[in-house]
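# Build me a model:
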Amino acid sequence: MTAAKLNTSWPTNLPADAQALWESIVGLVLEQPQPDERWRLVVLGLARGVKFSHFTRDFTQPQLDTLARFAFDTIDYLRRGHERDETVAAFRTAHERAKFPLPGFFATIAFSQARTAPLPSAAKRYEDDSLRMLVAGCHELQRMAGDSPFVLTCRDAGREIGRHHETAHDYLKMLVRDGVLEKVFAGKAGSGWGCAAKFRFVTV
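Numbering: from 1, shown residues only. Okay, the predicted model is just below:
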């Protein structure tokens, strides 16, 4: 499933710097295969991405409603057998009930910032550019998480560094053994929407 081209202008009552973030949220949600009966899960995914983003978490109700209408107008999947008001109502409910951020969201933001930031010293001990980027992304994830551990799945890591998720798993395991990372929670087997491993960045 792919998102429709955003051929509708970004709403004027929404911050311009939130548009790129919104497109990342849409991409993360729609990359998951969703049969028609899971329409509500798509709406929930969009709401989760919005609720826990530092750009959009303080949106007013009118702004959230505008964003829900914009989603309906620009994402083909949402219009399959559903109405705009129905989407707005479902988005409101999903936003109120959302308790966890969208899986993969923080990884996308962190690795995007890591690509333009100076390489952390811990990354320079490795030769492979993808491994260096993994270290840089983890460094940025820790910065975003503050004193708390950060969440990262092997699939998200692999996607961000352009490697198979099994290679990303091996790389993460090596970083733990090398003392760059500390694994706080081992995670549970399953898809990227499941319970992912938690890490701390140890080496500054």
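
# what's the burial count for the closest residue to Leu28 other than its chain neighbours?
Distance criterion C-beta to C-beta, 6 or more residues apart in numbering; nearest residue to Leu28, sequence neighbours excluded, is Gly104 at 5.1 Å. Every residue, glycine included, has its C-beta placed from N, CA and C. Applying other C-beta atoms under 10 Å, we find 27 residues neighbouring Gly104.

# ok, Gly104 - contacts?
Leu28, Thr153, Arg155, Asp156, Arg159, Gly192 (C-beta atoms under 8 Å, 6 or more residues apart in numbering).

# residue nearest the centroid of this structure?
Phe105 (0.9 Å; C-alpha atoms, centre = their mean).

# per-residue pLDDT, that residue?
pLDDT, Phe105: 77.

# thought it was touching Leu21?
No - using C-beta atoms under 8 Å, Phe105 is not in contact with Leu21; the gap is 9.1 Å.

# circling back to that earlier point, can you tell me how far the residue nearest to Leu28 is from Pro118?
Applying C-beta to C-beta, to the nearest Å, the value for Gly104 to Pro118 is 25 Å.

# ok, how many other residues are close to Ala47?
26.

# need the next SSE after the lengthiest helix in the chain, C-terminal direction.
Among the segments of the chain that qualify as a helix by DSSP state H, the longest is helix 129-145. Counting by DSSP states H and E, the next helix or strand C-terminal to helix 129-145 is strand 150-151.

# Please name every helix or strand in contact with that next one.
helix 129-145, strand 198-201 (3 or more C-beta pairs under 8 Å, 6 or more residues apart in numbering; DSSP states H and E).

# if we go to 10 Å?
Judged by 3 or more C-beta pairs under 10 Å, 6 or more residues apart in numbering; DSSP states H and E, the packing partners of strand 150-151 are helix 105-114, helix 129-145, strand 181-185, strand 198-201.

# need the ones you listed in a markdown table with distance to Arg38, can you?
Formatted as a markdown table, these follow (distance: least, C-beta to C-beta, whole Å):
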| stretch | distance to Arg38 |
| --- | --- |
| helix 105-114 | 19 |
| helix 129-145 | 29 |
| strand 181-185 | 28 |
| strand 198-201 | 27 |
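
# need the least confident one among these, by mean pLDDT.
Note on the helices and strands packed on strand 150-151: helix 105-114 shows the lowest mean pLDDT, a mean of 84.

# before we move on, back to that, would you mark the buried spots in the longest helix of the chain?
Buried positions in helix 129-145, judged by neighbour count with 16 or more other C-beta atoms under 10 Å: 130-142, 145.

# Among these, list the two that are farthest apart in space.
Using C-beta to C-beta, the pair of the buried residues of helix 129-145 lying farthest apart is Ser130 and Ala145, separated by 22.2 Å.

# so who does the residue of the chain most remote from its centre touch?
No residue in the chain sits farther from the centre than Arg125, which is 28.0 Å out by C-alpha atoms, centre = their mean. For Arg125, the contact set (C-beta atoms under 10 Å, 6 or more residues apart in numbering) comprises Leu131, Arg132, Val135, Asp178, Val180, Thr203.

# Give the next helix or strand downstream of the helix or strand of the chain with the lowest mean pLDDT.
When each helix and strand of the chain is scored by mean pLDDT, DSSP states H and E, helix 19-30 comes last, with a mean of 81. Going down the chain from helix 19-30, the next helix or strand is helix 39-51, by DSSP H and E.
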